[in-house]
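Enquirer: Below are the sequence and a predicted model; questions follow.
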Amino acid sequence: MLASLFNVELWERFSFYGMQGIVLIYMYFQTTDGGLGIDQSVAAGIVGAYGGRVYLFTILGAWGGGRLVG
C-alpha cells in the first residue's frame, strides 16, 4: 500500500511542477510563436503566485475544516 501511495504522490508532484513549467513557457513566448507574449519576469511572478496559493489554500482549508467541521 505504501508503494502505491508513493507512486501516486510522485507522479502527481511531477505533473504539477511540469505543468507549471509549461504554463510559464507558454506565457512568455511571443504571440507569433503561439504564446501570450507576457514579460518573462511577470510570467514567472504569476506562476510563482499560483504555486504559493496552492500551498496557502491547503493550509487555510485544513484550518477551516478543522474549525468548522471537526
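Expert: It's in. Everything numeric here is computed off the predicted structure, so don't read it as measured data.

Enquirer: quick one: buried residues of the longest helix along the chain?
Expert: Longest helix in the chain by number of residues (criterion: DSSP state H): helix 40-68. For helix 40-68, a neighbour-count test (16 or more other CB atoms under 10 Å) marks 43, 47 as buried. Glycine gets a C-beta too; all of them are placed from N, C-alpha and C.

Enquirer: name the helices or strands packed onto it?
Expert: helix 2-28 (3 or more CB pairs under 8 Å, 6 or more residues apart in numbering; DSSP states H and E).

Enquirer: measure Phe6 to Glu12 for me?
Expert: Using CB to CB, to the nearest Å, we find Phe6 at a distance of 11 Å from Glu12.

Enquirer: How about Arg53?
Expert: As for Arg53, its distance to Glu12 is 17 Å (criterion: CB to CB).

Enquirer: before we move on, what about Ile38?
Expert: Using CB to CB, one obtains 27 Å as the distance from Ile38 to Glu12.

Enquirer: Which of these two has more residues huddled nearby?
Expert: More neighbours surround Ile38 than the other of Ile38 and Glu12, with 18 against 10 (other CB atoms under 10 Å).

Enquirer: May I ask you to confirm that the more buried one is in contact with Tyr28?
Expert: Yes: with contact defined as CB atoms under 8 Å, Ile38 reaches Tyr28; the gap is 5.6 Å.

Enquirer: residues contacting the spatially most central residue of the chain?
Expert: With distances taken as CA atoms, centre = their mean, the residue of the chain nearest its centroid is Gly51 (4.2 Å). Gly51 makes contact with Gln20 under the criterion CB atoms under 8 Å, 6 or more residues apart in numbering.

Enquirer: Looking at it now. What's its pLDDT?
Expert: We have a pLDDT of 93 for Gly51.
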